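**Student:** Predicted structure and sequence below. I'll ask about it afterward.
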Amino acid sequence: MYKLRDKIIAVVSNEPWGDIWYSKHNWAFELSQTNRVFFLNPAGSWKFSNLFNPELHSEKISDGLEVLTYANRFPLSRFSMIRKLNEKSTARQLKKRLKLPGKELLFWSFDPYRLVDPKALEATNSLYFITDDFTNELEKELVKNVDCLITVSPVLSAKYPAKNTLTLAHGISSEEFRADPDPETQNGILYIGNIDHRIDYQLLIKLILAFPEEQFYFIGKLGSNNNPGFRELFIDKKYPNLIHRPPVHFKRLKQHIAGAKVCLAIMQTEVAGNNINHHKLLQYLAQGKPVLSPVFEDYSEHTELILGYKNPEEAISLLQQAIEVPEYSELIQNRITFAQKHTYPKLINQIEQFLTETECFYV
């Protein structure tokens, strides 16, 4: 049985390490409990001295987790030759840190835009974990070079049918199921995540107007956005019952969820990948919270767990029901039970079984 234990794991991320966590941060943290994990940040800003001595910075997060930030030797360019030279230089730089005597290196990428050749790092085994709908030439090259794929949805798995692929649900930490409410956002209607082009702002305006006595709390980073609804809500701040809070550390989010009356995942399903799932949904369900959202594809067979709407009128009606009518304790427990099926130890067991059965890894 292949085991994800006592390995050196290089987690390649397209998002830097910090307070805001996505799948790659959670996976790095969880894997670091039983392995030595190096989290590879995106390359730092280019400067002229990189031509002669590109720097490699290290930050220790815990005994099992270290963050590495490298620098490209050459400035980014659309020419593939420059990209390949950068990758060759970076691989030489990283190999010195990633190789430990008697330990095999597992290349575990979330980033389809760089370090697309695991063999350049002398990785024993390699996988690409697909969490978003990318599809570009570099991703195709990465897919060709890795041993197997893991995705978070059958929709994403269908992109590369010829590859050994495991479809795995989004994961959740065992720490996310209980917390003391944060009084700052208690009894509010809560959204957590980036505040960008993926949100349905017109629906949000309708909800805010329909429920003026409710406080809508949005916790997250404001993205650049030309949507007039975004400007009306978050720049001009026309609605006093909409309160924006800056990002907080991922591990503190559960306190805000604990006190929420209803959680929101009101996404624009026309945006690529937005119709599949929402990365905070499991966190909401882990505390039994009602979640107002479109019917995501990954929840099409679990519609009883969410307040799934098909149009704005239905969304308003469902939110009113959630506010006014107490929920059955059985429904609350069903949401928690569903989330418990997706804790990281259980997902890691599924990965180990998949790797053993497919024999796609060198053992």
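**Tutor:** Happy to help now that I have it.
**Student:** what about residue 69, which SS state?
**Tutor:** strand (DSSP: H, G, I helix; E, B strand; the rest coil).
**Student:** Can you give me the separation between it and residue 38?
**Tutor:** Residue 69 sits 11 Å away from residue 38, going by CB to CB, to the nearest Å. For glycine as for every other residue, the C-beta is placed from the backbone atoms N, C-alpha and C.
**Student:** Same drill for those two, tell me which one is more crowded.
**Tutor:** residue 38 (21 against 17; other CB atoms under 10 Å).
**Student:** May I have the strands that pair with the host helix or strand of the more buried one, each with its orientation?
**Tutor:** Residue 38 is part of strand 36-40 when elements are defined by DSSP states H and E. If you go by DSSP bridges, strand 36-40 pairs up with strand 8-12 (parallel), strand 65-70 (parallel).
**Student:** Tell me how far the residue lying closest to residue 252 once chain neighbours are set aside lies from residue 219.
**Tutor:** Spatial nearest neighbour of residue 252, excluding adjacent residues (CB to CB, 6 or more residues apart in numbering): residue 182 at 7.7 Å. Counting by CB to CB, the gap from residue 182 to residue 219 is 10 Å.
**Student:** Give me the common contacts of the two.
**Tutor:** residue 256 (CB atoms under 8 Å, 6 or more residues apart in numbering).
**Student:** Can you point out the buried residues in stretch 252-269?
**Tutor:** Across stretch 252-269, burial judged by 16 or more other CB atoms under 10 Å covers 253-268.
**Student:** Format the CA atom coordinates belonging to that stretch as CSV.
**Tutor:** In CSV, the C-alpha atoms belonging to stretch 252-269 read as follows (Å, rounded to 0.1, in the frame of the first residue of the first chain):
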residue,chain,number,x,y,z
ARG,A,252,-10.1,32.3,12.3
LEU,A,253,-12.9,32.0,9.7
LYS,A,254,-14.7,29.3,11.6
GLN,A,255,-15.5,31.8,14.4
HIS,A,256,-17.3,34.0,12.0
ILE,A,257,-19.1,31.1,10.5
ALA,A,258,-20.2,29.9,13.9
GLY,A,259,-22.1,33.0,14.6
ALA,A,260,-23.7,33.4,11.1
LYS,A,261,-27.4,33.2,10.6
VAL,A,262,-27.1,32.3,6.9
CYS,A,263,-24.0,31.9,4.7
LEU,A,264,-23.8,33.0,1.1
ALA,A,265,-22.2,31.5,-2.0
ILE,A,266,-24.0,33.7,-4.6
MET,A,267,-21.8,33.2,-7.6
GLN,A,268,-22.1,34.0,-11.3
THR,A,269,-22.5,30.6,-12.8
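**Student:** Quick check: mean pLDDT of that stretch?
**Tutor:** Average pLDDT, stretch 252-269: 96.
**Student:** Show me how far it is from its chain's centre.
**Tutor:** 15 Å (CA atoms, centre = their mean, to the nearest Å).
**Student:** Check stretch 157-167 too.
**Tutor:** Stretch 157-167 sits 20 Å away from the centroid of its parent chain (CA atoms, centre = their mean).
**Student:** what about residue 193, distance to residue 247?
**Tutor:** Applying CB to CB, the value for residue 193 to residue 247 is 9 Å.
**Student:** Need the residues touching each of the two.
**Tutor:** Joint contacts of residue 193 and residue 247 (CB under 8 Å, 6+ apart) are residue 220.
**Student:** any idea how the chain splits into domains?
**Tutor:** Domain assignment for the chain, taken from automatic domain parsing, gives 8-171+343-358, 174-340.
**Student:** worst average pLDDT in the ones you listed?
**Tutor:** When the domains of the chain are compared by mean pLDDT, domain 8-171+343-358 comes last with a mean of 91.
**Student:** which residues touch residue 66?
**Tutor:** By CB under 8 Å, 6+ apart, the contact set of residue 66 is 36-39, 58-60.
**Student:** repeat for residue 200
**Tutor:** With CB under 8 Å, 6+ apart, residue 200 has these contacts: 266-268.
**Student:** what would these look like in JSON lines with secondary structure and distance to residue 115?
**Tutor:** Below are the contacts of residue 200 laid out as JSON lines (DSSP: H, G, I helix; E, B strand; the rest coil; distance: CB to CB, whole Å):
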{"residue": "266", "secondary structure": "coil", "distance to residue 115": "35"}
{"residue": "267", "secondary structure": "strand", "distance to residue 115": "30"}
{"residue": "268", "secondary structure": "coil", "distance to residue 115": "31"}
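**Student:** Can you lay out the residues you listed as JSON lines showing distance to residue 214?
**Tutor:** Shown next, in JSON lines, are those (distance: CB to CB, whole Å):
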{"residue": "266", "distance to residue 214": "14"}
{"residue": "267", "distance to residue 214": "20"}
{"residue": "268", "distance to residue 214": "22"}
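**Student:** Which of those residues sits closest to residue 19?
**Tutor:** residue 267 (22.2 Å; CB to CB).
**Student:** rewinding a little: right, so of the domains of the chain, which gets closest to residue 1?
**Tutor:** Of all these, domain 8-171+343-358 comes closest under CB to CB, at 5.2 Å.
**Student:** what's the spacing between residue 132 and residue 268?
**Tutor:** On the measure of CB to CB, residue 132 and residue 268 end up 15 Å apart.
**Student:** So residue 57 sits against residue 44, correct?
**Tutor:** Yes: if you go by CB atoms under 8 Å, residue 57 and residue 44 touch, sitting 7.4 Å apart.
**Student:** Now the common contact residues for the two.
**Tutor:** Contact criterion CB under 8 Å, 6+ apart; residues shared by residue 57 and residue 44: 69-70.
**Student:** Those two - which one has more neighbours?
**Tutor:** The neighbour count for residue 57 versus residue 44, taken as other CB under 10 Å, is higher for residue 44 (16 against 11).
**Student:** Good, wrapping up.
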